[in-house]
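K.L.:
Got a predicted structure plus its sequence, pasted below:
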Amino acid sequence: MKKQNSLRFNLALVPLLAGLLAQNAPGSGFAIYETSARGLAMGNADSARAADASTLYTNPAAMTSLKGTQVTFGATAIMPDMRVTNYGTPTGDQITPLNNYTAVAPNFYVTHALTNRLSIGFAEFTQYGLKSTFPENWPGTVNNYYTDIVSFTLNPNIAYKLIEKNGQSLSLAAGLQVMYFDVTISKSFPSAGTPVPSALTDLTRRIVLEGDNIGYGWNLALQYELNRKFAIGLTYRSEVKQDLDEATADVPGYMVGDYTPGARHTGVPASGKIVLPKSASIGATYTPNEKWLVAAQALWTGWSSFDALNIYIDGTLYPSEKKWSDTWRYSIGVEHYYNEFITLRGGFVWDCDPVPAAHADFLVPSNDRRIYSLGIGLNFTPNFHVDFSYAVIFIDSRTIEARPADGIPYKARIDKGHANIVSLSANWKF
């Protein structure tokens, strides 16, 4: 569909679009899992029981245990940082930090129990996002100097409790995913026969592509409570295809056959397709007593769907092989009911990266991640509480070999990658 807001999908050949799908997102690839303050504090490990309406993200089937109408509203702020060292440039080894920024992802959840067995819910959250920004004249400018992905998902669900007997219960849920996807990428086009622009300030070598889309998917979930202490949860989310069929590009004239010096063309037809991956998770929750809750989760994401990214500009194909791998994310979380007013939480996540070394670049300067988190819940009344959490992400360093054809003219190392995340949620019961 056409853009309704001016959105820049700055693109210079296809290696660039790859970056569109991953750089400093806090999760695997360019996924975002920080969709509520309680979830962030516990690494989203508690996917087998529902504490509030945000269960619509981790396991919609668990909302059958929520009474009346419940609402959760919040936001998460993500502040990434890293640096890139390019070796052997004409001025020697050059260190370039990622430009600092703060990205905010809002979330909203509401559940309503129609009967003791049947519940409905509606959620808004962010599943995918990315923003990477480097100086325009840095050594990797041909590969990427600015990438931005913005998305949000609307997710209505219905859940039904099939079994409730002798302390055991089995609930199932199904939902529709409606995802808006918006992307911006900027890079420089190389001079003929060289891996870098002849003049980094030469705007005739900038390429810009604009486009957005709405894609659709679905989800299923199951919750099984064996007894009051132990529960299991399963959640599946389908692929979502984003067809950028009506994108437009702002490109140098020579990309469309106009060799007039300095010529540029705007509104050039462009198109591409991005398949956002399916995922499946299994989680277990153990509540030994009224004071403690322990949870664990394993999440599989089918990033192998991102095998290649083919972009057409004015009918010309610019292919890019990605060959991403399926990944696993493992998390544990603990919750302690300190007293009637305070609840304490903590979590740890090991998040595996899908980007293979042969295709790593500055658009996706990612690697495996370790996430440590803490949180607190403040119960002001029986019907209102606020959750706050903080997490720090450490990203493993990685070396990228020079690949001039992909806009990487020098051997580079990405290190000191980390992100600070804070999240706040307010929760109501009616």
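P.N.:
Thanks, I have it. Residues are numbered from 1 along each chain as shown.

K.L.:
Would you mind putting the CA coordinates of the helix or strand encompassing Asn107 into CSV?
P.N.:
Under DSSP states H and E, the secondary-structure element containing Asn107 is strand 103-113. Taking C-alpha atoms only, strand 103-113 is exported to CSV below (Å, rounded to 0.1, in the frame of the first residue of the first chain):
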residue,chain,number,x,y,z
ALA,A,103,13.6,4.4,21.0
VAL,A,104,10.2,4.0,22.7
ALA,A,105,7.8,1.2,22.1
PRO,A,106,4.3,1.5,23.6
ASN,A,107,2.0,-1.4,24.5
PHE,A,108,-1.6,-1.9,25.5
TYR,A,109,-3.6,-4.9,26.6
VAL,A,110,-7.2,-5.5,27.6
THR,A,111,-8.9,-8.7,28.6
HIS,A,112,-12.6,-9.4,29.4
ALA,A,113,-14.1,-12.6,30.9
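
K.L.:
That strand pairs with which strands, parallel or anti?
P.N.:
Strand 103-113 pairs in its sheet with strand 69-89 (antiparallel), strand 118-125 (antiparallel), by DSSP bridges.

K.L.:
TSV for those, including mean pLDDT?
P.N.:
Converted to TSV, those look like this (pLDDT from 0 to 100):
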stretch	mean pLDDT
strand 69-89	93
strand 118-125	97
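
K.L.:
still on that earlier bit, average pLDDT for the strand holding Asn107?
P.N.:
Averaging pLDDT along strand 103-113 yields 94.

K.L.:
now do stretch 146-157
P.N.:
In this model, stretch 146-157 carries a mean pLDDT of 90.

K.L.:
Check stretch 398-410 too.
P.N.:
Averaging the model's pLDDT scores along stretch 398-410 yields 88.

K.L.:
likewise stretch 46-60?
P.N.:
In this model, stretch 46-60 has an average pLDDT of 94.

K.L.:
Straight-line length of it, end to end?
P.N.:
This stretch, stretch 46-60, spans 12 Å end to end (CA to CA, to the nearest Å).

K.L.:
Could you do stretch 343-361 as well?
P.N.:
According to CA to CA, stretch 343-361 extends 42 Å from its N-terminal end residue to its C-terminal end residue.

K.L.:
Buried residues in that stretch, which are they?
P.N.:
Taking 16 or more other CB atoms under 10 Å as the basis for neighbour counts, the residues of stretch 343-361 that come out buried are 343, 345-349, 351-355, 359-361. Yep, even glycine has a C-beta here, placed from its N, CA and C like the rest.

K.L.:
And the average pLDDT for it is what?
P.N.:
Stretch 343-361 shows a mean pLDDT of 93.

K.L.:
thinking again about what came up before, buried ones in the strand holding Asn107?
P.N.:
Within strand 103-113, the residues that qualify as buried are Ala103, Ala105, Asn107, Phe108, Tyr109, Val110, Thr111, His112, Ala113, counting by 16+ other CB under 10 Å.

K.L.:
now do stretch 284-296
P.N.:
Buried-residue list, stretch 284-296, by 16+ other CB under 10 Å: Ala284, Thr285, Thr287, Leu293, Val294, Ala295, Ala296.

K.L.:
quick one: that stretch to chain centroid distance?
P.N.:
Its chain's average C-alpha position is 28 Å from that of stretch 284-296, according to CA atoms, centre = their mean, to the nearest Å.

K.L.:
So which residues make contact with that stretch?
P.N.:
Identification of contacts with stretch 284-296 by CB atoms under 8 Å, 6 or more residues apart in numbering yields 42, 45-49, 228-233, 283, 297, 330-337.

K.L.:
Could I get the full set of strands for the stretch 301-430 of the chain?
P.N.:
Using DSSP state E, counting those that start in this stretch, the strands of the stretch 301-430 of the chain run over residues 311-313, 316-318, 327-337, 342-351, 369-381, 384-395, 398-400, 412-429.

K.L.:
Check which helices and strands the third one sits against.
P.N.:
In other words, strand 327-337. Applying 3 or more CB pairs under 8 Å, 6 or more residues apart in numbering; DSSP states H and E, one finds that strand 327-337 contacts strand 292-301, strand 342-351.

K.L.:
Return the list of strands paired to that strand, each annotated with direction.
P.N.:
Here, using DSSP bridges, strand 327-337 pairs with strand 292-301 (antiparallel), strand 342-351 (antiparallel).
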